[in-house]
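1. With the input below, show me the fold.
(chains A and B)
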2 protein chains.
Amino acid sequence: MKNRTTPRVVVIGGGFGGLSAARTLAHYPVQVTLLDRTNHHTFQPLLYQVATAGLSPGEIAAPIRWILRGHRNVEVLLGEVVDFDLDRRVVKLSDLEVPYDYLIVAAGASHAYFGHDEWEPFAPGLKTIEDAIEIRRRVLLAFELAERQALSGAEHMPLNFVVVGGGPTGVELAGTLAEIARRVMEKEFHAIDPKRTRIILVEGGPRVLPAYPEDLSRSAEEQLKHLGVEVRTSALVTEVEASAVHIGQTRLPAAVILWAAGVAASPLGKQLSAPLDRAGRVLVEPDLSIPGHPEVFVIGDLATLKDEQGKMLPGVAPVAMQEGRAVAHNIGRDLRHESRKSFYYVDKGSLATIGRASGIAQFGKLHISGFIAWLAWLCVHIFFLIGFRNRLIVLIQWAWSYLTYERGARLITGDTRLPSVDGLIDERPPEGQQVSA
Amino acid sequence: MKNRTTPRVVVIGGGFGGLSAARTLAHYPVQVTLLDRTNHHTFQPLLYQVATAGLSPGEIAAPIRWILRGHRNVEVLLGEVVDFDLDRRVVKLSDLEVPYDYLIVAAGASHAYFGHDEWEPFAPGLKTIEDAIEIRRRVLLAFELAERQALSGAEHMPLNFVVVGGGPTGVELAGTLAEIARRVMEKEFHAIDPKRTRIILVEGGPRVLPAYPEDLSRSAEEQLKHLGVEVRTSALVTEVEASAVHIGQTRLPAAVILWAAGVAASPLGKQLSAPLDRAGRVLVEPDLSIPGHPEVFVIGDLATLKDEQGKMLPGVAPVAMQEGRAVAHNIGRDLRHESRKSFYYVDKGSLATIGRASGIAQFGKLHISGFIAWLAWLCVHIFFLIGFRNRLIVLIQWAWSYLTYERGARLITGDTRLPSVDGLIDERPPEGQQVSA
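-> Residues are numbered from 1 along each chain as shown, chains lettered A, B, ... in the order given. This next block holds a predicted model:
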């Protein structure tokens, strides 16, 4: 935009990786343009709270423009990238081209259905604010429909909530749904029988949270069961229909099916003509650039890199943020004619929450379960949430729902039509009956 | 549903009127069913705050089920009424029938385009949470598009925001948009020229807020002008296009057009076969029942009734709430074999806000303008907001945005695609140029 002699860095994606790259670059003599197809940064670790009506979308998302408002050399542009021209060094949007000297692609990942994309409409995943609003709609409508069926005197559909995938998102969703089913329904719905609600967590591997040590996986499974979740490990989903999941040979009716099983990298990785792994992630060089193009970097969930033990780095926020900073500093070294450094991930520990006051945490050799792990998780997530106002409000919301079991954001927006009900409310008084007054 | 000998009251609509009827009826020996097509009560007086990104939807809406959770004799049913059978005394939904002994119709009103329904897609109105989200999307996208045009080196489209209708909603929207344009844009957008933003409020009558005394209208107009709003009174909108409004013979290009001009009562009024006024409101009897059907009441924005001076009661929350309580008490009188009382509206004053620290208020002969009126408005609205958690959070949001001028809920959700931009960003470096590092 500005001066043509200042190196221009284009960052694609306003997630954890892209933002941390842009913020670090703000201190270098470069002109940064951050492109995103939404206007907001989404704090993905708390998306499950929006999906389960604990928080409002605005409380875990912030306008990218606002986050970067203090940096005069950073521009924000709303738009979707459709292609690259690495030779001419331009990023192509549908209607314009943005030239770069350096390119940082941090376009993230979406859900994968293992070759069964036809399952997506029946089993939505959770990656965006829109996904979370759609899941919330389905969960709340399921209760409404069952109540309506029960009021009409009919058997209501089985209130089975099936979560596919036992990673952090699946565990969070299952644990929180169990809380809602046990606590909210009983108080507010008169006709349905809360005892018949089932939350079923289906995991293909032998244990939940497979990225954690075995003892913590076991603990997580126990905490889930304590919350009332049925955990099915080594269970393969073979088919998904509108209102049923097939697990092996068994067909399980489901009011709501949520997908937390597979991850597919952004299709932008493919358009970089760089080598990819099976999930579509770009195999990056040690400095996070792509082979043959030292001016193009890929970071976050779209990149794949092994650590010193040959273990793949996980697709989590700390990796993306450290990568963003590392890339920015390497660009700085280029400008100072110094040689680049290889990326080295500093693992400060990992945390997963399961539900009300339950969770697991690993800090090196220290393994923690239960309330303390949940408290650690809560502190870390409040701390990293962007914006003081958001932190304050989320803290209040949490304290409130911890004390009262209320969930404040239970809005059904968008399509509020219910699937049709078979039975009629047929207890109407005989025709012509007079009011007894 | 429950005991057949208990009189059954069906309430249609979970707005101010329906809720206050249901809450009052909860103390009588009746079985109440409240039907609504959404799962939440919307605090309509603060909808403009959602439309202008000051508050999140979840902060001004609460699940109807949750509001009524303490009343065992009140059921809530999500569903849309399609028709009535007044002879058989049933309410018809698409797939079931709900019988009643008493019926209270509080279905509210929507916007009217004075016979030009084709204008609706270009100029959305503000009645529901979905409307507010859509308006927020358009307002935020207008700034994003202009920034993108400006960054491409082209002239950006005129940032004209046209609000049609000078009633309370139009005044609130115009005042708040002016604040956003002056305060937010300058800090966060680098390329557009904030001085060129225009907010134009178009009112067909000779003054804004025509329901208020003349001195307060004049004061409101001055406060609007002070905030930077162009007020055009006695100005008739003759045509609305996708990006322009015709005022008389003049065509005014507009980035966003908002409709706050006309009100049309819910089409359910027509299906009651009762006499209607020109806006489709039901002409009710003094006890708010419809002619020939003492067991059917209509309240709130769907009803029309004159006060003792022969003046039409305004379509505001206090009228609806008092009507709801009055109808409930008259049903109670029926049950006790007492005679019904005519409805009498107690006017406790009215308040309108204009923007940051500006507003007008009328309490009988006392007329107030400016900061004090705004403070009164704020207190009343916090007080009547449903749920202590909501009150606390809205208060914090307000204090925050008052002190910092920030608006926290600036999310674009749904379709984030921009209309296409003509110009290209064409300042790209010549092909093959090397990075200067």
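2. From A:Leu302, how far off is the residue nearest to the spatial centre of chain A?
-> Residue closest to the average C-alpha location in chain A (C-alpha atoms, centre = their mean): A:Lys127, at 4.0 Å. Plainly put, A:Lys127 is 13 Å away from A:Leu302 if you go by C-beta to C-beta, to the nearest Å. All C-beta atoms are positioned from the backbone trio N, CA, C, and that covers glycine.
3. Are there residues contacting both of the two? Which ones?
-> A:108-109 (C-beta atoms under 8 Å, 6 or more residues apart in numbering or on different chains).
4. Could you check how many residues crowd around the residue of the stretch 251-400 of chain A found nearest chain B?
-> Taking C-beta to the nearest C-beta as the measure, the stretch 251-400 of chain A has A:Asp334 as its residue closest to chain B, at 3.9 Å. By the criterion of other C-beta atoms under 10 Å in any protein chain shown, A:Asp334 has 20 neighbours.
5. you'd agree A:Thr52 is up against A:Arg137?
-> No: between A:Thr52 and A:Arg137 there is no contact, the gap being 11.9 Å when judged by C-beta atoms under 8 Å.
6. So what's the residue count around A:Val76?
-> So A:Val76, with other C-beta under 10 Å, has 27 neighbours.
7. just A:Pro121 next, same as before
-> For A:Pro121, the count of nearby residues is 9 (other C-beta under 10 Å).
8. Double-check that it belongs to a strand.
-> No: A:Pro121 sits outside any strand when classified using DSSP: H, G, I helix; E, B strand; the rest coil, being coil.
9. State the pLDDT value of the residue of the stretch 251-400 of chain A closest to chain B.
-> You'll see A:Asp334 listed with a pLDDT of 97.
10. tell me how far whatever helix or strand it lives in is from the chain's mean position?
-> A:Asp334 is located in helix A:317-335, with elements delineated by DSSP states H and E. Its chain's C-alpha centre and that of helix A:317-335 lie 23 Å apart, by C-alpha atoms, centre = their mean, to the nearest Å.
11. Identify the bridge partners of the residue in the stretch 1-150 of chain A that chain B sits nearest to.
-> Using C-beta to the nearest C-beta, A:Pro99 is the residue of the stretch 1-150 of chain A that sits closest to chain B, at 3.3 Å. Beta bridges link A:Pro99 to A:Val90, judged by DSSP bridges.
12. Looks like it contacts A:Asp85 (just checking).
-> No: with contact defined as C-beta under 8 Å, A:Pro99 does not count as touching A:Asp85 (9.5 Å).
13. between those two, which one's more packed in?
-> Each of A:Pro99 and A:Asp85 has its neighbours counted (other C-beta under 10 Å); A:Pro99 has more, 23 against 13.
14. Flag every residue of the stretch 251-400 of chain A that's near chain B.
-> A:295, A:334-335, A:337, A:387, A:389-390, A:392-393, A:396-397, A:400 (C-beta under 8 Å from any C-beta of the partner chain).
15. For the stretch 101-250 of chain A, which segments count as strands?
-> A:102-105, A:109-112, A:160-164, A:198-202, A:229-232, A:237-241, A:244-247, A:250-253 (DSSP state E, counting those that start in this stretch).
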